[in-house]
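S.K.: mind folding the following:
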Amino acid sequence: MSSYAFWNNKGGVGKSFLCFVAASEYAYLHPDTDVYVIDLCPQGNVSETLLGGYLKGSEALNCLIQKNPRATVAGYLEARLNSPFQMIPDVSPFVCEPKKFNQDIPDNLRLLCGDNLLEIISEAIRQTSQLPIPVDAWKQVLTWIRDLTFALRRASGDRDTLFLIDCNPSFAVYTQLAIIATEGLVIPFTADDSSRRAIENVVALLYGIANPDLAPYARISFAKRAKEEDVSVPKLHTFVSNRVTLYEGKASKAFEAVNKTIKQTMDNKHKKHRHIFTNPKELPSNSFIEIPDYHSACVVATHKGTPLHKLKPGPKYIKGERVQLNPGPLDRYKDALKQFVDCL
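M.R.: You can find the predicted model right below:
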């Protein structure tokens, strides 16, 4: 599998940070692979982090947005709006090399930046997909990002490629474009009941599988149209239990109780709908990945755009404030995140 979307129908679960970690660490560990990050979130958080973090990354992103055409994923989608049903022969103007802005990023990582224009043009994209002619307008528009990945694979020639797409929590049309472009879905979540409900929404929206009270809506959803028009959706690949609260080196009882409920929910889905999982023979709960909560390391990495393999213990300074990274917690944090990257 060579393409993954990071999505949950709930915000604040660490999607963008995990996408940053996956991209920078995979590129570092596999220098012969071209790693492409496509940021389909209007907030552009993973883009800012890759481009240098707080302030520096924001300034770089603004420069890329101001280019003509915009050197962002929204620039590419704008070009597709101008010619909805024809491939773009050269997508290089929309791609940037984060290494030019952030020396800590591996050479083999490429980025199509997020852009707030995504939100503004989303209605135009949706309306284009509803045109009566051609008859397959919906399918052609919804595969624009998949077309982009094909073009980027060609640009990489004989080199292996990996695509990682960061998604917005909403199920907006640009999120749908992102999901259709991938083979596997990475679902980060936190140990709360809103995360459980959001994961159930993921299953209902993508596969039309819902509780009886929601079934009538699921049958007329995106899932139904994707099936009718032979548009493939990704399988559920990895569940990442993020920001696990530890007590004396173990997950707290409160966390374990909620996590157990979420695992049971997915195992119940697996019993009846194995086809929606990447590995249908294994219970989802057996492959859940737990990432301990180490807020200090996350803050340092995102504010400075520092990949994990470059992150060292010791005092760091964020906007004049001293942040201490201790060796033990940092090593545990890195080990857990490496386990996650190794699953890709």
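
S.K.: how about residue 326: what's its closest non-neighbour residue?
M.R.: If the residues on either side of it in the chain are set aside, residue 326 comes closest to residue 313, at 6.2 Å by CB to CB, 6 or more residues apart in numbering. Any C-beta I mention is one placed from the backbone N, CA and C, and that applies to glycine too.

S.K.: dihedrals phi and psi, that neighbour?
M.R.: Per-residue torsions, residue 313: phi -70, psi 160 (degrees, to the nearest 10).

S.K.: could I get the buried residue list for the helix or strand where residue 263 lies?
M.R.: Using DSSP states H and E, residue 263 falls within helix 253-272. For helix 253-272, the neighbour count (16 or more other CB atoms under 10 Å) marks 255, 258, 259, 262, 263, 265, 266, 269, 270 as buried.

S.K.: CA-only coordinates of the next helix or strand after that helix in CSV, if you can.
M.R.: Under the assignment DSSP H and E, the closest C-terminal helix or strand after helix 253-272 is strand 289-292. Extracted in CSV, the C-alpha atoms of strand 289-292 (Å, rounded to 0.1, in the frame of the first residue of the first chain):
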residue,chain,number,x,y,z
ILE,A,289,-1.3,1.7,18.3
GLU,A,290,-1.0,3.7,21.5
ILE,A,291,1.0,7.0,21.5
PRO,A,292,1.7,8.3,25.0
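
S.K.: residues contacting residue 230?
M.R.: residue 139 (CB atoms under 8 Å, 6 or more residues apart in numbering).

S.K.: begin at 50 from here
M.R.: OK, 50 is where the count begins now, so the last one is residue 279.

S.K.: what about it, distance to residue 191?
M.R.: 12 Å (CB to CB, to the nearest Å).

S.K.: same check, this time on residue 177
M.R.: In terms of CB to CB, residue 177 sits 10 Å off from residue 191.

S.K.: quick one, which of the two is more surrounded?
M.R.: Remark: of residue 177 and residue 191, residue 191 carries more neighbours, 23 against 19, as counted by other CB atoms under 10 Å.

S.K.: ok, the more buried one to residue 347 distance?
M.R.: Distance of residue 191 to residue 347, computed by CB to CB: 33 Å.

S.K.: least trustworthy helix or strand in this structure by mean pLDDT?
M.R.: For the chain, the helix or strand with the lowest mean confidence is strand 295-296, at a mean of 45 (criterion: mean pLDDT, DSSP states H and E).

S.K.: quick one: low-confidence parts of the stretch 50-199 of the chain?
M.R.: Scanning the stretch 50-199 of the chain for pLDDT under 70 picks out 50.

S.K.: let me see the ranges of the strands in it.
M.R.: 52-55, 82-89, 158-161 (DSSP state E, counting those that start in this stretch).

S.K.: make JSON lines from the buried residues of helix 302-321 and add distance to residue 247 and pLDDT to it.
M.R.: JSON lines is the format used below for these (distance: CB to CB, whole Å; pLDDT from 0 to 100):
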{"residue": "304", "distance to residue 247": "17", "pLDDT": "68"}
{"residue": "307", "distance to residue 247": "13", "pLDDT": "80"}
{"residue": "308", "distance to residue 247": "15", "pLDDT": "84"}
{"residue": "311", "distance to residue 247": "10", "pLDDT": "91"}
{"residue": "312", "distance to residue 247": "15", "pLDDT": "93"}
{"residue": "314", "distance to residue 247": "11", "pLDDT": "93"}
{"residue": "315", "distance to residue 247": "12", "pLDDT": "95"}
{"residue": "318", "distance to residue 247": "14", "pLDDT": "94"}
{"residue": "319", "distance to residue 247": "18", "pLDDT": "96"}
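
S.K.: show me which of those is closest to residue 377.
M.R.: residue 304 (19.6 Å; CB to CB).

S.K.: residues near residue 187, how many?
M.R.: 19.

S.K.: thinking it is in contact with residue 178, fair?
M.R.: Yes. Taking CB atoms under 8 Å as the definition, residue 187 is a contact partner of residue 178 at 4.7 Å.

S.K.: name the nearest residue to residue 186, sequence neighbours excluded.
M.R.: That would be residue 180: by CB to CB, 6+ apart, it lies 4.3 Å from residue 186.

S.K.: poorly predicted segments of the stretch 200-349 of the chain, please.
M.R.: Across the stretch 200-349 of the chain, residues meeting the criterion (pLDDT under 70) sit at 261-269, 292-304.

S.K.: between the strands of the stretch 50-199 of the chain, which gets nearest to residue 324?
M.R.: Closest approach to residue 324 among the strands of the stretch 50-199 of the chain (CB to CB): strand 52-55, 18.2 Å.

S.K.: one step back: do I have it right that the residue nearest to residue 186 meets residue 174?
M.R.: No. Applying CB under 8 Å as the test, residue 180 and residue 174 come out as separate, 11.4 Å apart.

S.K.: more neighbours, those two?
M.R.: Applying other CB under 10 Å to residue 180 and residue 174 shows that residue 174 carries more neighbours, namely 22 against 14.

S.K.: OK, contacts around that one?
M.R.: When contacts are counted by CB under 8 Å, 6+ apart, residue 174 touches 126, 130, 190, 193, 222, 223, 226.
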